[in-house]
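> Structure, please.
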Amino acid sequence: TLSSPPLQVEGNLPPSPVPTASPQEPPPAAPPVPPPVGTPPNNGKLDILDFAPQLAGDEPFSILPDETVRARVDLVAPYSNGIRTFACYNGGEAIRYAKSLGMTTVAGAWMDSRVGPSRAELNCLIALA
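The predicted structure follows:
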């Protein structure tokens, strides 16, 4: 039979043994799960929510009565610390009412190529400032 010469390693060191797992060794334990940390951030509420007062079935860009807008802000207030609107064409009632509830508000304006409505949106933002 042919035998190969021993493997020569730099410095004439013996080759490293191949690690083998012992059948008696238990698998490593999983890291411990940290305990819950009390109340979730913001008392479990969203920081801010994108908000439009229209619901399914309402016409887009429809002007809703202030009472309806306030009722719809009341629907989201328990779940969010604030609202961001997309437009001001409804007169900014959602922003005013949300502020009165102590919510954070970010007023948006719907801008497009129509000069008159875009100007009205800007005027509404200025009035809310």
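> From now on I want contacts and neighbour counts done on CA atoms only, so please keep to that.
Will do.
> Can you show me the strands along the protein?
49-51, 82-85, 104-106 (DSSP state E).
> Mind listing residues that contact the longest one?
To tie it back to what came earlier, the one meant is strand 82-85. Here strand 82-85 makes contact (CA atoms under 8 Å, 6 or more residues apart in numbering) with 46-52, 94-95, 98, 103-109.
> Any stretches of this structure with poor pLDDT?
Counting by pLDDT under 70, the chain shows low-confidence ranges at 1-23, 37-40.
> Return the distance of Leu101 relative to Asp112.
Distance of Leu101 to Asp112, given as CA to CA, to the nearest Å: 31 Å.
> Mind checking which of the two has more residues around it?
Using other CA atoms under 10 Å as the criterion, Leu101 and Asp112 rank with Leu101 on top: 14 against 10.
> Now do the same contact list for that one.
For Leu101, no contacting residues are found, by CA under 8 Å, 6+ apart.
> looking at it, Trp110 is touching Phe61, isn't it?
No: proximity of Trp110 to Phe61 does not meet the contact threshold set by CA atoms under 8 Å, at 9.9 Å.
> Give me the common contacts of the two.
When contacts are counted by CA under 8 Å, 6+ apart, the set common to Trp110 and Phe61 consists of Tyr89.
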